[in-house]
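Participant: With the input below, show me the fold.
(2 chains)
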Amino acid sequence: MACFLASVLTIVLLAFIIGEILVKAWPAMIKFGLGFITGIQWSPNRGVFGVLPVLIGTVASSFLALLLALPLGLAIAIFLSEDFFPAPVRQVIRFVVETLAAIPSVVYGLWGIFVVIPLVQQYGAVLAAKFGFIPFLAGPAYGNSLLTASLVLALMVLPTITAISRSSLVAVPYTLREGSYALGATRWETILSVIIPTAAPGIVASGILGFGRAMGETMAVAMLIGNSQRLSWSLLSPSNTLSALLANQFAEADGIQVSALMYAAALLVVLTLGVNIAGEAVLRHTQKATAGLR
Amino acid sequence: MEPRDGIIANKSKVLEVRGNPEATSILHVGIVTRKGLFSGVMVTQYLHLNPTKIMKNHSIQLRILASATMLAGVAFVTSCQKAPNPSSSEVPKETVPKQAGTLLNGSGATFPAPMYLRWASDFHKATSDITVNYQGVGSGAGIKQFTDGITDFGASDVAMSDAEIAKVNGNVLMLPATAGTIVLAYNIPGVQGGLKLSRSDYVGILLGTIKSWNDPVIVKDNDGIALPNLPITVVARSDGSGTTAVFTAHLDAISPEFTSKVGSGKSVTWPIGVAGKGNDGVTALIKQTPGAIGYVEFGYAENNKLTMAALQNKAGNFIAPTIESGAATLASVNLPENLRAFITDPEGANDYPIATFTWLLVKKTYTDANKAAAVKAFVTYGLTTGQAIAPELGYIALPANVVTKVQTALATVK
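Facilitator: The predicted structure is shown next:
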């Protein structure tokens, strides 16, 4: 009974939060409509609110982080699910990777400031000088940039991706592996052409959930991304994300700006909820699909 | 529901209270640590007995534990309120507010916060029956909380607008309490100081039309300084702030181009550069980025040993930011009767161009006479003894004529 109440309460709470956001966002929704999403200028002093650059920054930083973290996370997951090393060694590595998830966001931010920013500053300038003709690498190179935020985000979503990929790899029935060996396949042939395809939906789900986590991340991003609401193609330019925008501007906002920020919050909720539901759906689908093989 | 055994955790031992058939309601106790923080609440459930009876029936330890928890709770709450004062968390028992004294709550601007906190602590030492709490939550939030009646006084770097005054039915006095300047601090490797920026230079830099430190227009004003061929990184504030409002109001006043491209306000969109949160965020970005230039409060720049540029004022002279040049600016301001003056472009020959008063917001009429007296005493302290410590914290003491005007206004508070 108590457990039931607790779960109902959680759902009610979520509905309440979303409801509250929508109520507060309503004036801005009426006033700006869809122009809010396509607008490219965010100037609170002039009452002009458009979040397109911020939306792009949110999706781009998370996508870039995923692009970096997925191959790495998958590689770690394969290594941990195979018996290249004795079980205790793998346990330790697994523990260390999963510990990354327990480090507070602000610590990642500080680490980014002291380690990643100088690196991006140094090599970013070189990249921009040599490959500046490519729009993605156009100068001037800033330390606080989309790239810096993405690099740190990649590290932050790595445990999510590793843990879910690993469990979907481990869930591949042993009989499939034995069958593959019986047909004369080597270990790597087995991994690449039998195990990974079987676990693929789970791996995709890990990516989607990692993506969702990256989009909602606030503190580390706000410290690293440069907080600029300008459209730019370059990864070396400062950018902004929805969550960082909220964290930065909420305290001093008043009037329609509060409403506009709530509108942005509603968009963020829609985005992250959508992504997480997609991830869950794919994960469910996997479990059903592999259930027949067991 | 079945009666259950409750576990009450102490730091060193665990007491078990056996299920008592008579027990009824919920007993809240907490975990007491030596520091006086209570870290959680455990709930035990009994039938037919209220909490006080349980305490009577079950050992004296329970009673001690429960009262210690409540004390810790109070200490925790008060230490939260007094967070800026580090000593309060160490001796929790003494931070329980005394019943006899008057407590004044205030919140607002972060820029003068270090000084208000210093005033509050010194004032409490001198007048022990009045305790002043100040929280640096930002000018906008300060005005909001004052308007909502959450605080007894507010503080803001930007004077309240007529619309905001109307919201409190005119029951507000804006009293200048101190003043400060806003500086352009820079980080150019090899340049230890002495950089001069003309009006068109700094507007050009902030609008992104001047992109490199060795641009001829900057070099022209800086004989003897070897300016490197380094891109300029403009550092701005990412959060809404009074600092931005004052800074952009000045730029707005001196450059029509700035007015049309950026405008003024607490939160604006800069055409170039990066942004950091708070004065400290901007300070960190400037220190870390070679070629950076950004705007911060003078006190912050001085405490963090940032190098600051001399700026050209309306009279055409290059003025380095110092306490003296800031005081010169204030001296040339003619404060109107309502004490609301915006210094956008001072005219004196030796005036530093970007300065602002910062205001305390107090009510004209308090419902509680004790509060009115306490507010008067605190502000009077700030205007007299308090001004003496302003320069050592990086603020500009108010000129004597301003202090007199403010005191006259303060006397009308009821």
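Participant: which residue sits closest to whichever residue of the stretch 151-294 of chain A sits closest to chain B in space, ignoring its chain neighbours?
Facilitator: Per Cβ to the nearest Cβ, residue A:252 is where the stretch 151-294 of chain A lies closest to chain B, at 3.0 Å. Just so you know, the C-beta spots here come from the backbone N, C-alpha and C atoms, and that holds for glycine as well. Nearest residue to residue A:252, sequence neighbours excluded (Cβ to Cβ, 6 or more residues apart in numbering or on different chains): residue B:240, at 3.0 Å.
Participant: Just give me the neighbour total for the one you found.
Facilitator: 26 (other Cβ atoms under 10 Å in any protein chain shown).
Participant: Need the residue closest to the centroid of chain B.
Facilitator: Centroid-nearest residue in chain B: residue B:110, 1.8 Å away (criterion: Cα atoms, centre = their mean).
Participant: For the closest residue to it other than its chain neighbours, which residues are in contact?
Facilitator: Nearest non-adjacent residue to residue B:110, counting by Cβ to Cβ, 6+ apart: residue B:136, 4.0 Å away. If you count contacts by Cβ atoms under 8 Å, 6 or more residues apart in numbering or on different chains, residue B:136 has them with B:84, B:107-110, B:113, B:116.
Participant: Please produce JSON lines containing those residues, extended by pLDDT and secondary structure.
Facilitator: Formatted as JSON lines, the contacts of residue B:136 follow (pLDDT from 0 to 100; DSSP: H, G, I helix; E, B strand; the rest coil):
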{"residue": "B:84", "pLDDT": "41", "secondary structure": "coil"}
{"residue": "B:107", "pLDDT": "92", "secondary structure": "strand"}
{"residue": "B:108", "pLDDT": "89", "secondary structure": "strand"}
{"residue": "B:109", "pLDDT": "87", "secondary structure": "coil"}
{"residue": "B:110", "pLDDT": "82", "secondary structure": "coil"}
{"residue": "B:113", "pLDDT": "88", "secondary structure": "helix"}
{"residue": "B:116", "pLDDT": "93", "secondary structure": "helix"}
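Participant: Show me the one in these that has more neighbours than the rest.
Facilitator: Top of the contacts of residue B:136 by neighbour count (other Cβ under 10 Å): residue B:108, with 32 neighbours.
Participant: Backbone dihedrals for residue B:271, please?
Facilitator: According to degrees, to the nearest 10, the main-chain angles of residue B:271 amount to phi -70, psi -20.
Participant: if I look at it, how far off is chain A?
Facilitator: 8 Å (Cβ to the nearest Cβ, to the nearest Å).
Participant: Make sure that residue is actually in contact with residue B:262.
Facilitator: Yes: using Cβ atoms under 8 Å, residue B:271 is in contact with residue B:262, at 6.9 Å.
Participant: So those two - more neighbours on which side?
Facilitator: When neighbours are counted by other Cβ under 10 Å, residue B:271 and residue B:262 differ, and residue B:262 comes out ahead with 22 against 15.
Participant: What parts of chain A come near chain B?
Facilitator: Proximity of chain A to chain B (Cβ under 8 Å from any Cβ of the partner chain) is limited to residues A:41-46, A:113, A:117-118, A:121, A:139-140, A:142-144, A:222, A:226-230, A:238, A:247-249, A:251-254, A:257.
Participant: and those, which of them are in strands?
Facilitator: Where the residues of chain A next to chain B overlap with strands, as defined by DSSP state E, the overlap consists of A:42-43.
Participant: Just the buried subset of the residues of chain A next to chain B, please.
Facilitator: With neighbours counted using 16 or more other Cβ atoms under 10 Å in any protein chain shown, the residues of chain A next to chain B contain these buried positions: A:42-45, A:113, A:117, A:121, A:139-140, A:142-144, A:222, A:226-230, A:238, A:247-249, A:251-253, A:257.
Participant: where exactly do the strands run in the stretch 1-150 of chain A?
Facilitator: A:42-43, A:48-49 (DSSP state E, counting those that start in this stretch).
Participant: For the closest residue to residue B:266 other than its chain neighbours, which three-state class applies?
Facilitator: Leaving aside its sequence neighbours, residue B:266 sits nearest to residue B:240 (Cβ to Cβ, 6+ apart; 4.2 Å). Assigned by DSSP: H, G, I helix; E, B strand; the rest coil, the conformation of residue B:240 is coil.
Participant: quick one, what contacts the residue in the stretch 1-150 of chain A positioned nearest to chain B?
Facilitator: The stretch 1-150 of chain A approaches chain B most closely through residue A:45 (2.5 Å), counting by Cβ to the nearest Cβ. Contact analysis of residue A:45 by Cβ under 8 Å, 6+ apart lists B:248, B:263-268.
Participant: so what's it closest to, chain neighbours aside?
Facilitator: Among residues not flanking residue A:45 along the chain, residue B:265 sits closest, at 2.5 Å (Cβ to Cβ, 6+ apart).
Participant: Count the neighbours of the one you found for me.
Facilitator: Residue B:265: 20 neighbours (other Cβ under 10 Å).
Participant: again, but for residue B:148
Facilitator: Residue B:148 has 10 nearby residues by other Cβ under 10 Å.
Participant: I'd like to know which residues of the stretch 251-400 of chain B are adjacent to chain A.
Facilitator: B:263-271, B:273-277, B:284-285, B:288-289.
Participant: Now, those residues that are in helices?
Facilitator: Using DSSP state H to define helices, the subset of those located there is B:284-285, B:288.
Participant: Can you report phi and psi for the closest residue to chain A within chain B?
Facilitator: Per Cβ to the nearest Cβ, residue B:265 is where chain B lies closest to chain A, at 2.5 Å. Backbone torsions of residue B:265, given as degrees, to the nearest 10, read phi 160, psi 180.
Participant: Read off the pLDDT value for it.
Facilitator: On pLDDT, residue B:265 comes in at 89.
Participant: List the contacts of residue 238.
Facilitator: By default, I'm working from chain A. A:142, A:144-146, A:225-228, A:230, B:273-275.
Participant: meant chain B actually
Facilitator: Taking Cβ under 8 Å, 6+ apart as the definition, contacts of residue B:238 comprise A:222, A:227, A:248-249, B:275-277, B:281.
Participant: could you redo the last one with a cut-off of 10 Å?
Facilitator: By Cβ atoms under 10 Å, 6 or more residues apart in numbering or on different chains, the contact set of residue B:238 is A:222, A:225-229, A:238, A:240, A:244-245, A:247-249, B:244, B:267, B:270, B:274-278, B:281-282, B:285.
Participant: Repeat that for residue B:406.
Facilitator: Residue B:406 makes contact with B:173-177, B:335, B:339, B:357, B:359-360, B:379-380, B:382-383, B:398, according to Cβ under 10 Å, 6+ apart.
Participant: So which of those residues sit within strands?
Facilitator: Using DSSP E, the contacts of residue B:406 in strands are B:173-177, B:357, B:359-360.
Participant: on that earlier part again, please report which of the ones in helices among the residues of the stretch 251-400 of chain B next to chain A has the highest neighbour count.
Facilitator: Result: residue B:285 is most packed of these (other Cβ under 10 Å), 28 neighbours.
Participant: hang on, the earlier thing: of the buried ones among the residues of chain A next to chain B, which belong to helices?
Facilitator: Using DSSP H, these in helices are A:117, A:121, A:222, A:247-249, A:257.
Participant: For these, work out which two are farthest apart.
Facilitator: A:121 and A:257 (32.4 Å; Cβ to Cβ).
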